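> Make a model of this:
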Amino acid sequence: MTNIPYRAPEFTLNDADGVAHSLADYAGKWVVLYFYPKDDTPGCTVEACSLRDARDDLAKLGAEVIGISKDEASSHEKFKAKHSLNFTLLSDSEAKVIIAYGAWGKKMYGREGILRKTFIINPAGDVIKVYGRVTPLGHGQQVLSDLRQLQQS
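Here you go, the predicted model:
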């Protein structure tokens, strides 16, 4: 386990429109980076909608929300449209970024896969908060509350 704060691993991944997004693109901004197992599954939908509902308040604090899963761009596009998601979803089909952030590991029944994890990255590019094994319901409000506290300290 890496001690906080630590440098956020750099990445470049594509969104549903094929546009590349790099962590460096968000330099000088707060980033809420979350990893989730699969588009349009019950827990992932609850989590995404929770972040959607908190996104405007997060934006007022200068934070961008970015979701990453192994799903293809076409799946992200449908997921965003179906649930009116107002933030960027990126595809990491090879799981390289997922692994770099430690969001891959053992799940229930001994299977391996994407772990539901969220990271708050400060404007300097350092991870300053990690949520492991996220509870989807209310996650957006939890992140919002924690970001307010982190910005005041």
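> got a list of contacts for stretch 23-33?
By CB atoms under 8 Å, 6 or more residues apart in numbering, the residues outside stretch 23-33 that reach it are 8-11, 51, 58, 61-66, 68, 101, 118-123, 125, 143, 147, 151. Yep, even glycine has a C-beta here, placed from its N, CA and C like the rest.
> typo on my end, it should be stretch 93-109
With CB under 8 Å, 6+ apart as the test, stretch 93-109 has contacts from 2, 9, 11, 13, 33, 35, 68, 70, 72, 90, 92, 112-115, 117, 119.
> Report the buried members of those.
Neighbour counting with 16 or more other CB atoms under 10 Å marks 9, 11, 13, 33, 35, 68, 70, 90, 92, 114-115, 117, 119 as buried within the contacts of stretch 93-109.
> quick one, what contacts the most centrally placed residue in the chain?
In the chain, the residue lying closest to the centroid (CA atoms, centre = their mean) is Tyr34, at 1.6 Å. Shown here is Tyr34, whose contacts under the criterion CB under 8 Å, 6+ apart are 47, 51, 65-68, 116-119, 134.
> what about 6 Å?
By CB atoms under 6 Å, 6 or more residues apart in numbering, the contact list for Tyr34 reads 67, 118.
> same check, this time on the one 4 residues further on
Remark: with contacts taken as CB under 6 Å, 6+ apart, Lys38 is in contact with Cys44.
> for this structure, what spans make up the strands?
Taking DSSP state E to define them, one finds strands in the chain at 6-7, 12-14, 20-22, 30-35, 63-69, 88-91, 104-106, 112-114, 117-121, 126-131.
> of all those, which lies closest to Phe79?
Comparing the strands of the chain by their distance to Phe79 (CB to CB), the top pick is strand 88-91, with 6.9 Å.
> Excluding its own residues, what touches the closest one? List them.
Contacts for strand 88-91 (CB under 6 Å, 6+ apart): 13-15, 21, 66-68, 72-73, 76.
> pLDDT score assigned to Cys44?
We have a pLDDT of 96 for Cys44.
> Report whether the expected contact of it with Leu51 is present.
No. Counting by CB atoms under 6 Å, Cys44 sits too far from Leu51 to count as a contact (10.7 Å).
> Who has more neighbours out of these two?
Leu51 (26 against 22; other CB atoms under 10 Å).
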